[in-house]
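A.B. asks: Mind looking at a prediction? Sequence and model below.
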Amino acid sequence: MKLDKPEGKPDETVAWGSDIAAAMLRRFNIPYISLNPGASYRGLHDSLVNHLGNEKPGILVCLHEDHSVSIAQGYARATGEPMACVLHANVGLFHGMMGIFNAWCDRQPMLVLGATGPVDAEKRRPWIDWIHTMRDQGALVRGFVKWDDQPTSADGLVESLARAHLITRTAPTAPVYVCLDAGLQEEKLEKDIAWPDLARLKPPAPPRPAKSAVDEAAALLASAKRPLMLCGRGARTDHAWQARIRLAERIGACVMSDLKTGAQFPTDHPAHIVAPFNALSKTAREIVCEADVILSLDWVDLGGLIKQASNVGKVSAKIIAATLDHTLHTGSGMEYQSLPPRDVFMQTTSDTAVEELTAALDALNFPPPRAGEVSSATRETEGGLRKSPWRERAPTKRKAAPEGAVTLDQVAAALRAEFNDPDKVTLCLLNRGFPSDIWPFKSGLTYLGKDGGGGLGSGPGLSVGSALALHDMGRYAVSVLGDGDFCMGATAIWTAVRHRIPLLILIDNNRSYFNDELHQDNVARKRGREPANRWIGLRLEDPLPNIAKMAEAQGAVGIGPITKSSDVRAAIENGVGILKQGGVCVIDFHVDPSEERIASSSSAGRKTE
């Protein structure tokens, strides 16, 4: 990791308004701040460099404001802690809004700083300060941040940032936005600052659900014959991971997880009945319909899951839902999804719910001791399944690929073969169809999830931010991105090269905005029109973007295009070697578009007696 070193010694005196903001970031232990430079916060920029010496936080230079936000989101996904980013005036905020929306939908903590003004018209420079000044800049993003403010005094700035830091870290987490008046930043301070005692401003523990709700939920799970556990948002810690496993084994549940929220349960566990998904397969829908009790642990779209399952049968299960997400729902957007039915509503985080339900099942002495067992403690230490899941996993079936064609199976197998310790690898993002049976999710840091808000172009920035955090943890960062996503955000990897952040990106290149091809095919067939025209306006060819050259233009190593299966292993070996040496590498694999659908259509489960 490389940060620029300023000349001379830092001026440790807090003498200017912007020094307050910089000093508060250090008091929060914010390690990095990502930015694309802008004059509206030139005061803060000076404070970060000449007051703090460009460390704690250290500046990460970006080529686009959207990348600044995505990097901060990626960092939060890996650590659970907020990073800071800065957006220049209203124009920079416009650029960064998609990234903020992604982080909002992803429920990630983030301290977004902005700037405007000077609010005092007498202090504005002609023309530029006028078009970059807004009376209420936070209104642009108020619908998808947890809180925003625009302080107008030194003391107000201290309190504003302290409040923002507290709010963004309080469950449920989400971005906050604080706009710094340019005039206040460049104002010389007339008195010493009274710094707050941050030990007295810690975020509260998540609320505990009502005992009546916990008892009712535990009784339902204890009597369930076909319980289904939906693992949505949750902590990535080993403690939380093991707690989910113990609960699922204890109640004999089948388990499902969502690619949007990352690894939440081991995908090679017998209880994980179908591969992680974006949308439910036919088998997954059948399982939902057959369940008699569903435990939803902060599932992103519980209402949508029930609607999908209703296409193949009736969902008659009693539904237990644990979430705090409703506390963030506003009328601005519809990211809260459809309203799901809930028989027991536990207002808490998923991890707290698991803890409470485990204790309640202990009180019920469930399951009762088997022959030769003397206590629940004995059963816990001996391990093993309390009850078997009520369905078995069927073997993964795959369609034969054309001879010599590149497949994601080959890419995943070659990648796994290159690491002596795959458990030290984190898949930051995955494209559709990545085979989780070849690369199973074995911890919360195996896979970090999707972008959150469906904002194409965020993948490279998210990868850089995740890699930044993972490198500090001693882990390798690998992402599998689509060609359209990479082409939109390719310049984000310049920041990884610039600051020596090791990263390997594998491109699943179908030479098209292929998801939209499927949409156009569907529309044409419904209207009795020609589906063969589905590609028009969507194919990325003639000319084909040279992804390897795009990577090289950012200072990374570009490999490819890889068009033959016989070349996959050598390309992966080369790329992993560059990653292990601390470099940034992008490998362009030309995968047949139909390959994206193979893995998602092959997951299956079968009934057992």
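C.D. replies: Received it, and whenever you're ready, just let me know what you need.
A.B. asks: Only the buried residues of stretch 137-156, if you could.
C.D. replies: Within stretch 137-156, the residues that qualify as buried are 137-138, 140-141, 144-151, 154, counting by 16 or more other C-beta atoms under 10 Å. No exception for glycine: its C-beta is placed from N, CA and C like everyone else's.
A.B. asks: So which residues of the stretch 51-200 of the chain form helices?
C.D. replies: In the stretch 51-200 of the chain, the segments counted as helices under DSSP state H, counting those that start in this stretch are 65-79, 89-106, 128-131, 154-169, 182-185.
A.B. asks: winner for burial among those?
C.D. replies: helix 65-79 (a mean of 30; mean count of other C-beta atoms under 10 Å).
A.B. asks: Burial check on D437, number of neighbours?
C.D. replies: Using other C-beta atoms under 10 Å, the number of residues around D437 comes to 17.
A.B. asks: right, and it touches V274 too?
C.D. replies: No - contact criterion C-beta atoms under 8 Å: D437 and V274 do not qualify, at 11.0 Å.
A.B. asks: re earlier: lowest average pLDDT across the helices of the stretch 51-200 of the chain?
C.D. replies: Lowest mean pLDDT of the helices of the stretch 51-200 of the chain: helix 128-131, a mean of 89.
A.B. asks: picking up where we left off before, report the two of the buried residues of stretch 137-156 separated the most.
C.D. replies: Farthest apart among the buried residues of stretch 137-156 by C-beta to C-beta are F144 and A154. That separation is 29.1 Å.
A.B. asks: just for the stretch 351-500 of the chain, where's the confidence low?
C.D. replies: 369-386 (pLDDT under 70).
A.B. asks: Which residue ranges of it form strands?
C.D. replies: Along the stretch 351-500 of the chain, counting by DSSP state E, counting those that start in this stretch, strands occupy 391-393, 425-427, 476-482.
A.B. asks: which one of the helices of the stretch 51-200 of the chain lies closest to T327?
C.D. replies: helix 154-169 (11.7 Å).
A.B. asks: In this structure I71 contacts T495, no?
C.D. replies: Yes - under the criterion of C-beta under 8 Å, I71 makes contact with T495 at 6.7 Å.
A.B. asks: Quick check: neighbours shared by the two?
C.D. replies: With contacts taken as C-beta atoms under 8 Å, 6 or more residues apart in numbering, the residues that reach both I71 and T495 are 34, 60, 62, 464.
A.B. asks: and the first one, what is it in contact with?
C.D. replies: Contacts here follow C-beta under 8 Å, 6+ apart; on that basis S34 touches 59-60, 62, 67-69, 71-72, 83-86, 465, 495.
A.B. asks: Just to be sure, it is in a strand?
C.D. replies: Yes - in this structure, S34 lies within a strand as judged by DSSP: H, G, I helix; E, B strand; the rest coil.
A.B. asks: Quick check: bridge partners of it?
C.D. replies: Beta-bridge partners recorded for S34 (DSSP bridges): L60, C85.
A.B. asks: So which of the buried residues of stretch 137-156 belong to strands?
C.D. replies: Among these, the members found in strands (DSSP state E) are 148-149.
A.B. asks: Please tell me the pLDDT value assigned to N515.
C.D. replies: In this model, N515 is scored at 85, pLDDT.
A.B. asks: now R124
C.D. replies: Note on R124: pLDDT of 89.
A.B. asks: do R246 as well
C.D. replies: For R246, the model assigns a pLDDT of 97.
A.B. asks: That one in helix, strand or coil?
C.D. replies: With three-state DSSP as the criterion, R246 reads helix.
A.B. asks: hang on, it packs against E355?
C.D. replies: No - if you go by C-beta under 8 Å, R246 and E355 don't touch, sitting 10.6 Å apart.
A.B. asks: Which of these two has more residues huddled nearby?
C.D. replies: Set R246 next to E355 and count neighbours by other C-beta under 10 Å: E355 wins out with 19 against 15.
A.B. asks: what's the neighbour count on the closest residue to the more buried one other than its chain neighbours?
C.D. replies: Spatial nearest neighbour of E355, chain neighbours left out: A243 (6.6 Å); criterion: C-beta to C-beta, 6 or more residues apart in numbering. For A243, the neighbour count with other C-beta under 10 Å is 18.
A.B. asks: L295 sits in which helix or strand?
C.D. replies: strand 293-297 (DSSP states H and E).
A.B. asks: Kindly export that strand (C-alpha atoms) in CSV.
C.D. replies: Taking C-alpha atoms only, strand 293-297 is exported to CSV below (Å, rounded to 0.1, in the frame of the first residue of the first chain):
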residue,chain,number,x,y,z
VAL,A,293,-42.0,-22.6,8.8
ILE,A,294,-39.7,-20.0,7.1
LEU,A,295,-37.1,-18.1,9.2
SER,A,296,-36.1,-15.0,7.3
LEU,A,297,-32.8,-13.5,8.6
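A.B. asks: Tell me the strands beside it, with direction?
C.D. replies: Strand 293-297 sits in its sheet next to strand 227-231 (parallel), strand 318-322 (parallel), going by DSSP bridges.
A.B. asks: and the last one, what's its mean pLDDT?
C.D. replies: Rounded to a whole number, the mean pLDDT of strand 318-322 is 98.
A.B. asks: Provide the contact partners of the following helix or strand past it at residue level.
C.D. replies: Later in the chain than strand 318-322, the nearest helix or strand by DSSP H and E is strand 344-346. The contact list for strand 344-346 (C-beta under 8 Å, 6+ apart) reads 209-210, 213-214, 216-217, 220, 318-323, 353, 356.
A.B. asks: next one: strand 344-346 to chain centre, how far?
C.D. replies: Its chain's C-alpha centre and that of strand 344-346 lie 25 Å apart, by C-alpha atoms, centre = their mean, to the nearest Å.
A.B. asks: What of stretch 113-127?
C.D. replies: Chain-centre distance of stretch 113-127: 35 Å, with C-alpha atoms, centre = their mean.
A.B. asks: picking up where we left off before, any chance of CSV for the contacts of S34, columns distance to V119?
C.D. replies: Converted to CSV, the contacts of S34 look like this (distance: C-beta to C-beta, whole Å):
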residue, distance to V119
I59, 26
L60, 28
C62, 27
H67, 28
S68, 23
V69, 24
I71, 29
A72, 26
M83, 27
A84, 22
C85, 22
V86, 18
G465, 32
T495, 31
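A.B. asks: Quickly name whichever of those residues is closest to L113.
C.D. replies: Nearest to L113, judged by C-beta to C-beta, of those is V86 at 4.7 Å.
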